[in-house]
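J.: I need the structure of the sequence given here:
(chains A and B)
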Amino acid sequence: MKTIPGNLFDKLLESQNPLNHFCLFLTDASGSILDFTGHTEWYTRSLPETGTSITTLFDFSTGLFPFREKELKLSNLQLIDDRFTDVLVLQGDRNTLWFLLFDVTEHTRYVEQLVQRLNEINYQNETNPLGHLELLGMATFKRTAPSLYELQGTIPQWLSRLKPGLLKSAGKELFSVFPYLEAFEPEATPFWNEKNKETYPSGIWIENDDTGNEYLLKAIAVNFSNEAYLILRLENEQAVGQEVYQKARELELAYEKLTQTEKRLKELLEYKEKFVSIISHDLRSPIASVFGIAEMLTNDEELKGSLDDFYREMLLGIKSEMARLLDYNDKLYHWSNLELGNFQLKIEEMEVQKLADTVKRTAQHALENKNLKYRTDIPEGLSINADITLFLQALNNLIANAIKFTPEGGEVGFTARSDSKGNTFITIYDKGVGMPEQVKNNLFHVQTTSHGTRGEKGSGLGLGIIRKVVETHGFSMAVESEEGKGSRFTITLPANK
Amino acid sequence: MIKKKISMLGSFAVGKTSLVQRFVRSIFSEKYHTTIGVKIDQKIIQINHEEVNLLLWDIHGEDEFQKVKPAYVMGSSGLFIVMDGTRRKTLDIGLELLEMAQKVAGDIPFVVLMNKSDLKESWEITGEEIQELKDKGMEVWLTSAKEDTNVEEAFTSLAKKTLTE
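T.: Residues are numbered from 1 along each chain as shown, chains lettered A, B, ... in the order given. Down below sits the predicted model:
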């Protein structure tokens, strides 16, 4: 493998630049591998074997055979694992071909190493001091003065396709051919002047040829032997860089869309809650009036006496349903206002025993209706700080639920305790039907509602109100429940609240 | 022939590349393809019987990953500040880029393109905000690269400005 054509390739092979994983294949004119060397494992997972066809290793080589004489092919190919490879196919003699493979994914580092290597070996080339870079897909220009550049050696094939005929004479017209370089020059000038580094890369720019093919380009400023050079080459990092930016921006766009959607949803929710609040507020008066009339009629002994059983039952039904409607409407009103944040907490201190007594008084009728025991266990003198009106709403809802799900003659209760850290725990419990796990897990969704032990209907808003009151105070709540044994709702009031 | 460098500036994904592609090649792609670096195109147009070669610098979108290099704007004869009507923050970014560009290139003509007018029902940028820009003396075009709305008109308008101002 010592007959590689050209001085530069000898030097490259000697240097065995690990970054570029340089490797060689020697084949006959039909593509059968005669020999190979270098980092072949970098380009193919199959182990090369002499005597087999190179087309079994590389798809790109399939169209090359039969190979025409004196033909030189250059290409940039993505072979494996997102690595970009320059492939040079050269004719050795009448019956042999050379395949030279370079990984150019990190070409900037490659150029840096190349220049360093050329400096070390004091490389001389008559047409281009940096060597036959055109064979590696690069065009070299020497900077003779600000904005004046002269082409060194010959231009690579891609440049002939992109700018046919424009660079044949000299590099003076470089800015009119590549306007991007006009912007790059001021950036690179300090680097050229300081001469303390060997390469300085530009950003990427994109141009189209006459047929619309896109070329991603990069310029590299180079200091070599006290002269300033500019290298142009096709950028092969696009798949890596492009993919990263593309993903990042797609994610950013998706995030922006989500944020927009969230904002719109919040606006819609607020609109809905305002609507509910206004409607429930306006409905309260007529509902309360009808309820009051029904109550008045059912309490009128003379009227009751004039009605037969059927109409009396109907009247009681109207009163009962109106009471339920009024309660439902009130809850709706409270819930929508809580969601809207239409309130200010008025924190007061109150003894827990007094709270428990108030809760009992509110629930008295329901307790008697089902003949339930109401037990309390509260340390003497224990008090809490809360917005009492709001907090009582939560406790009343909890005890109403406890009553609802406890069979006749059963037991509900209100207990409280505090720990050594000053946290207070208030528990409303029942020894009723309890809840299955699935119900417990979805408990605080507004739409959750179940019939009670007597078929009592719920609004589905009670637990939503409780949750909101607890959250607004900065308290927390835990639920324990076992089917057939009952449920315990414990509100924790932290010491600092 | 007169040659004019026109820089396209704006946040990412506002449609700069799509506007240039629509203007230069009369094509549009729904697929978002982010621009890396700078994409340079050109188109020769006739202004008052005179041929003008517009050299269009489609500069990558500004975001936290990529900041626009001031050097890209140097030598520009005109600027397009592109905003996406559906994204409020592209207005702020556009105005910041305008400020940066004017520091670098001086008081050169510019036109604001409020793009994606085909999605007007989803616009976050309001008519009042657009009017505010106009009240400050800015020329604003509501464009759609997708539906080819006002694209040719906006480019011609800026080209004329570069010749007269």
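J.: chain B: strands as residue ranges?
T.: Per DSSP state E, chain B carries strands over the ranges B:2-10, B:38-47, B:50-59, B:78-84, B:110-115, B:140-142.
J.: can you list the residues of the stretch 201-350 of chain A near chain B?
T.: Contact residues (CB under 8 Å from any CB of the partner chain) of the stretch 201-350 of chain A with chain B: A:203-208, A:212, A:216, A:238, A:241-242, A:245-246, A:248-250, A:252-253, A:256, A:260. For glycine as for every other residue, the C-beta is placed from the backbone atoms N, C-alpha and C.
J.: drop anything exposed from the residues you listed.
T.: Neighbour-count burial (16 or more other CB atoms under 10 Å in any protein chain shown) is assigned, among these, to A:203-208, A:216, A:238, A:242, A:245, A:248-249, A:252-253, A:256.
J.: need the pLDDT of the residue in the stretch 301-450 of chain A that chain B sits nearest to.
T.: Per CB to the nearest CB, residue A:340 is where the stretch 301-450 of chain A lies closest to chain B, at 24.2 Å. On pLDDT, residue A:340 comes in at 78.
J.: pull out the buried positions in stretch B:155-165.
T.: By neighbour count on 16+ other CB under 10 Å, the buried set for stretch B:155-165 is B:155, B:156, B:158, B:159, B:160, B:161, B:162, B:163.
J.: say whether chain A is contacted by it.
T.: No. Counting by CB under 8 Å from any CB, no contacts exist between stretch B:155-165 and chain A, the nearest distance being 15.6 Å.
J.: show me the buried ones among the residues of the stretch 201-350 of chain A next to chain B that map onto strands.
T.: Going by DSSP E, the strands hold A:203, A:204, A:205, A:206, A:207, A:208, A:216 from these.
J.: tell me which two of those sit farthest apart.
T.: Distances among those were taken as CB to CB; the most separated pair is A:203 and A:208, at 17.8 Å.
J.: chain A: helices as residue ranges?
T.: A:7-15, A:107-121, A:157-162, A:174-177, A:180-194, A:238-299, A:301-306, A:309-340, A:352-369, A:388-404, A:437-441, A:462-473 (DSSP state H).
J.: what mean pLDDT does the third one get?
T.: Spelled out, that is helix A:157-162. The model assigns helix A:157-162 a mean pLDDT of 83.
J.: keeping just the C-alphas, turn it into PDB.
T.: Output in PDB follows, covering the C-alpha atoms of helix A:157-162 (Å, rounded to 0.1, in the frame of the first residue of the first chain):
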ATOM      1  CA  GLN A 157     -16.000  20.200  -8.300                       C
ATOM      2  CA  TRP A 158     -18.900  21.500  -6.200                       C
ATOM      3  CA  LEU A 159     -17.700  25.000  -6.600                       C
ATOM      4  CA  SER A 160     -17.700  24.600 -10.400                       C
ATOM      5  CA  ARG A 161     -21.300  23.500 -10.100                       C
ATOM      6  CA  LEU A 162     -22.300  26.300  -7.700                       C
END
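J.: contacts for it, please.
T.: For helix A:157-162, contacts defined as CB atoms under 8 Å, 6 or more residues apart in numbering or on different chains pick out A:74, A:137, A:139, A:167, A:207, A:209, A:213, A:215, A:232, A:234.
J.: hmm, 6 Å instead?
T.: The contact list for helix A:157-162 (CB atoms under 6 Å, 6 or more residues apart in numbering or on different chains) reads A:74, A:139, A:209, A:215, A:234.
J.: try the fourth one
T.: When contacts are taken as CB under 6 Å, 6+ apart, the neighbours of helix A:174-177 outside the stretch itself are A:149, A:163, A:166, A:181, A:182.
J.: among those, which one lies nearest to chain B?
T.: When these are ranked by distance to chain B (CB to the nearest CB), residue A:182 comes first, at 6.2 Å.
J.: from residue A:147, how far out is that closest one?
T.: 8 Å (CB to CB, to the nearest Å).
J.: between the two, which one's more packed in?
T.: residue A:182 (16 against 12; other CB atoms under 10 Å in any protein chain shown).
J.: quick one: end-to-end length of stretch A:43-56, please.
T.: 13 Å (CA to CA, to the nearest Å).
J.: quick one: distance of that stretch to the chain centre.
T.: With CA atoms, centre = their mean, to the nearest Å as the basis, stretch A:43-56 stands 43 Å off its chain's centre.
J.: what do you get for stretch A:259-279?
T.: What separates the centre of stretch A:259-279 from the centre of its chain is 25 Å, taken as CA atoms, centre = their mean.
J.: list the buried residues for it?
T.: Buried residues in stretch A:259-279 (16+ other CB under 10 Å): A:273, A:276, A:277.
J.: ok, stretch B:31-44 next?
T.: B:34, B:35, B:36, B:37, B:38, B:39, B:40, B:41, B:42, B:43.
J.: just these that are near chain A?
T.: By CB under 6 Å from any CB of the partner chain, the members of these lying near chain A are B:34, B:36, B:37, B:38, B:39, B:40.
J.: can you pull the pLDDT of the fourth one?
T.: Translated: residue B:38. Listed pLDDT for residue B:38 reads 88.
J.: can you tell me the closest non-neighbouring residue to it?
T.: The shortest distance from residue B:38 to any non-neighbouring residue, by CB to CB, 6 or more residues apart in numbering or on different chains, is to residue A:205 (4.3 Å).
J.: ok, what's across the strand from the one you found?
T.: When assigned by DSSP bridges, residue A:205 has beta-bridge partners residue A:217, residue B:38.
J.: my read: it touches residue B:41, true?
T.: No. Applying CB atoms under 6 Å as the test, residue A:205 and residue B:41 come out as separate, 11.1 Å apart.
J.: report the contact partners of residue 52.
T.: You didn't say which chain, so I picked chain A. With the criterion set at CB under 6 Å, 6+ apart, residue A:52 makes contact with residue A:33.
J.: that's the wrong chain, I meant chain B
T.: B:2, B:4, B:45, B:159.
J.: check contacts around the second one.
T.: Put plainly, it is residue B:4. Contacts of residue B:4 by CB under 6 Å, 6+ apart are B:52, B:54, B:77, B:162.
J.: distance check, it against residue B:15.
T.: Counting by CB to CB, the gap from residue B:4 to residue B:15 is 21 Å.
J.: likewise the third one?
T.: The spacing between residue B:45 and residue B:15, counted by CB to CB, is 20 Å.
J.: those two: which has the busier surroundings?
T.: A count of neighbours by other CB under 10 Å puts residue B:15 above the other of residue B:45 and residue B:15, at 26 against 16.
J.: that one touches residue B:146, doesn't it?
T.: No. Contact status for residue B:15 versus residue B:146: not in contact, 8.3 Å apart, counting by CB under 6 Å.
J.: ok, residue A:194 to residue A:148 distance?
T.: According to CB to CB, residue A:194 and residue A:148 sit 20 Å apart.
J.: between the two, which one's more packed in?
T.: More neighbours surround residue A:148 than the other of residue A:194 and residue A:148, with 14 against 10 (other CB under 10 Å).
J.: in the sheet, who's paired with the more buried one?
T.: With DSSP bridges as the criterion, residue A:148 is bridged to residue A:145.
J.: chain B versus that one, what's the distance?
T.: Separation of residue A:148 from chain B (CB to the nearest CB, to the nearest Å): 17 Å.
J.: cool, residue A:162 as well?
T.: 11 Å.
J.: residues near that residue, how many?
T.: Look at residue A:162: counted by other CB under 10 Å, it has 22 neighbours.
J.: what does chain B put close to chain A?
T.: Residues of chain B that fall close to chain A, judged by CB under 6 Å from any CB: B:12-13, B:34, B:36-40, B:55, B:65, B:71-72, B:74.
J.: so who does residue B:147 touch?
T.: So residue B:147 contacts residue B:118 (CB under 6 Å, 6+ apart).
J.: which of the buried residues of stretch B:155-165 sits closest to chain A?
T.: Nearest to chain A among the buried residues of stretch B:155-165, with distances taken as CB to the nearest CB, is residue B:162, at 15.6 Å.
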